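Asks: sequence first, predicted model second:
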Amino acid sequence: MKIARFDAGDGNAQLGAVDVAAATVTSLAALGTDDVVTAALTDPAERTAALDGAASWALDDVTLLAPVPDPPKFMAIGLNYRDHIEETGRDAPKFPMFFNKQRTCVNDPTGDVVIPAEAPDRVDYEGELGMVIGTRCRRVGRDDAPSVVAGYLVVNDVSVRDWQAKAQTMTLGKSWDGHGPTGPWLVTTDELADPHGLAMKTFVNDELRQDTTTDLMVFDAWTQIETLSTVFTLEPGDIIATGTSSGVALAMDPPAFLAPGDVVRIEIENIGTIENRFVADSHQP
């Protein structure tokens, strides 16, 4: 099931099941929860039963919201696609290169993304597959990793390259408020059991910039869960962005960083699409 958080126009967030073919979202209020992860872990038959007689809306008539608005942790991995490693001119890491995005970076799947006044010239996009953890867990073996996932979504790991480069870790360049659009909904694991081998594309103003499949990771999704959970407890709602491919603005000749008015669209097969407009910052540094 594709479970969305959305606003039907009354300013309140609610959960619904999305029918992509019909372009509708149907209320899941009968489940008695406003938490996407809890809904995703509910028995599929119970989720389906909750739709019986429920209110529906056209997708065009609602505003989609970030599926997980306040994740306990938002983690990401660098240099995890071989073609992206090649375009950076760096060596492939022998161990996963993880970093944190602060959770205040979370943005809606169609929300505006502010280009910071303090760093207006080197803002970049990174289309990524995101995993959402469903089970509190520690020391999860690779073979058991699929069982702790609640579902999958699309992530734009927006990157402020100058702050990323000058800080001692990548966190400052990855964590500006609103620089983590996610969505458009959470695809549950009973619908998508294996997130590898999915086509993933990023467009800037309809120009194709990134074109890959998710089986080209150096460290696949299950290895990432195994590695992270060895060190610390993973919690329901944690987001893990699993890496980006070649085609980022930094690696273009010349670099083609984002400017106010640019629209970035990221599509992942069997999951969905997020599309965000980048806008100027009203703050005066």
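Replies: Right, received. Where do you want to start? Residues are numbered from 1 along each chain as shown.

Asks: for the lowest-mean-pLDDT helix or strand in the chain, buried residues please.
Replies: Using mean pLDDT, DSSP states H and E, helix 82-88 stands out as the lowest-scoring helix or strand of the chain, at a mean of 88. For helix 82-88, burial by neighbour count (16 or more other C-beta atoms under 10 Å) applies to 83-85, 87. Quick note: C-beta positions are derived from backbone N, CA and C, even for glycine.

Asks: got the contact list for that helix?
Replies: 79, 91-92, 212, 216, 218, 243-248, 251 (C-beta atoms under 8 Å, 6 or more residues apart in numbering).

Asks: for stretch 198-210, same thing?
Replies: Contacts for stretch 198-210 (C-beta under 8 Å, 6+ apart): 125-129, 211-214, 244-249, 256, 258, 262-271.

Asks: list buried residues within those.
Replies: Buried members of those, scored by 16+ other C-beta under 10 Å, are 125-129, 212-214, 244-249, 256, 258, 262, 264-268, 271.

Asks: which of the residues you listed fall in strands?
Replies: Using DSSP state E, the subset of these located in strands is 127-129, 212-213, 264-268.

Asks: endpoints of stretch 214-226, how far apart?
Replies: 18 Å (C-alpha to C-alpha, to the nearest Å).

Asks: please apply the same query to stretch 155-171.
Replies: For stretch 155-171, the end-to-end distance is 16 Å (C-alpha to C-alpha).

Asks: before we move on, what about stretch 83-96?
Replies: End-to-end distance for stretch 83-96: 16 Å, by C-alpha to C-alpha.

Asks: quick one: distance of that stretch to the chain centre.
Replies: Relative to the chain's own centre, stretch 83-96 is displaced by 22 Å; criterion: C-alpha atoms, centre = their mean, to the nearest Å.

Asks: heads up, I number from 110, so please use that
Replies: Understood, numbering begins at 110; the last thing we discussed is stretch 192-205.

Asks: quick one, what contacts residue 360?
Replies: Contacts of residue 360 by C-beta under 8 Å, 6+ apart are 193, 196-197.

Asks: among these, find me the one that's closest to residue 344.
Replies: residue 193 (28.5 Å; C-beta to C-beta).

Asks: ok so, going back, reformat the contacts of residue 360 as CSV; add distance to residue 346.
Replies: Output for the contacts of residue 360, formatted as CSV (distance: C-beta to C-beta, whole Å):
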residue, distance to residue 346
193, 27
196, 33
197, 31
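
Asks: so which of those is the closest to residue 146?
Replies: So of these, ranked by how close each gets to residue 146 (C-beta to C-beta), first place is residue 193, at 29.4 Å.

Asks: for the closest one, which non-adjacent residue is closest in space?
Replies: Counting by C-beta to C-beta, 6 or more residues apart in numbering, residue 193 lies nearest to residue 355, which is 4.9 Å off, once chain neighbours are set aside.
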